[in-house]
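> Coordinates only, no sequence provided:
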């Protein structure tokens, strides 16, 4: 073995128990690599947070239309209340009123579950500005839906 190889083996055998002592012993290149790795991890975490974006205010009333599988245009109103990602409220339409049995908001993605007279229904939406757009389904029926927040008709937030 050459002298430099023996020195490296000896250094590895003598690794201190504290990371600070190890970093001091390894010198400048090791510290630069460690700091670079931490910087990359921080940038990745910030990028992931920015990707999901801040959660928009979903609370309020929304009016618009939905279409069924037959192409019929149905007037709909959503009365939504969101608290800690859980959505509740009512769906009112030309075909009746339906209580939201389950709902969630994750960033701009909104999912509503409702009982359509014994048939489970689901509405999958994307919130953009004051507009919710997506699709609905209940049994064999479904289609697109788009509603816009109605100014001045805020649904009050539940008290904590």
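On my side now, so go ahead. Here the structure is a predicted model, which means the values were calculated and not measured. Numbering: from 1, shown residues only.

> all strands for the chain, in order.
60-67, 73-83, 86-93, 96-106, 109-116, 119-128, 131-138, 141-149 (DSSP state E).

> got CSV for these, with mean neighbour count and mean pLDDT too?
Placement of C-beta: from N, CA and C, glycine included. As requested, those are exported to CSV (neighbours: other CB atoms under 10 Å; pLDDT from 0 to 100):
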stretch, mean neighbour count, mean pLDDT
strand 60-67, 19, 96
strand 73-83, 18, 95
strand 86-93, 18, 95
strand 96-106, 15, 94
strand 109-116, 18, 93
strand 119-128, 16, 94
strand 131-138, 17, 95
strand 141-149, 18, 96
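
> In this structure residue 143 contacts residue 65, no?
No. The pair residue 143 / residue 65 is not scored as a contact, 10.0 Å apart, by CB atoms under 8 Å.

> is the spatially closest residue to residue 132 that is not a sequence neighbour in a bridge, and if so with what?
Closest residue to residue 132 in three dimensions, ignoring its sequence neighbours and counting by CB to CB, 6 or more residues apart in numbering: residue 125, at 4.4 Å. Beta bridges link residue 125 to residue 110, residue 134, judged by DSSP bridges.

> got the contact list for residue 125?
The neighbourhood of residue 125, defined by CB atoms under 8 Å, 6 or more residues apart in numbering, consists of 109-112, 132-134, 145.

> Redo the residues you listed as CSV? Include distance to residue 88.
Shown next, in CSV, are the contacts of residue 125 (distance: CB to CB, whole Å):
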residue, distance to residue 88
109, 17
110, 12
111, 13
112, 9
132, 15
133, 21
134, 18
145, 18
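
> Nearest to residue 74 among those?
residue 145 (8.7 Å; CB to CB).

> any residues touching stretch 65-80, and which ones?
58-64, 87-95, 100, 103, 112, 132, 136, 140-147, 155.

> Could you do stretch 132-141 as well?
62, 64, 66, 68-69, 78, 110, 114, 116, 119-126, 142-148.

> 6 Å instead?
62, 66, 68-69, 116, 119, 121-126, 142, 144-147 (CB atoms under 6 Å, 6 or more residues apart in numbering).

> same thing with stretch 108-119?
91, 98, 100-104, 121-127, 138-139.

> Apply 8 Å and report the result again.
Stretch 108-119 has contacts (CB under 8 Å, 6+ apart) with 53, 56, 58, 78, 87, 91, 96, 98-104, 120-128, 132, 134, 138-139.
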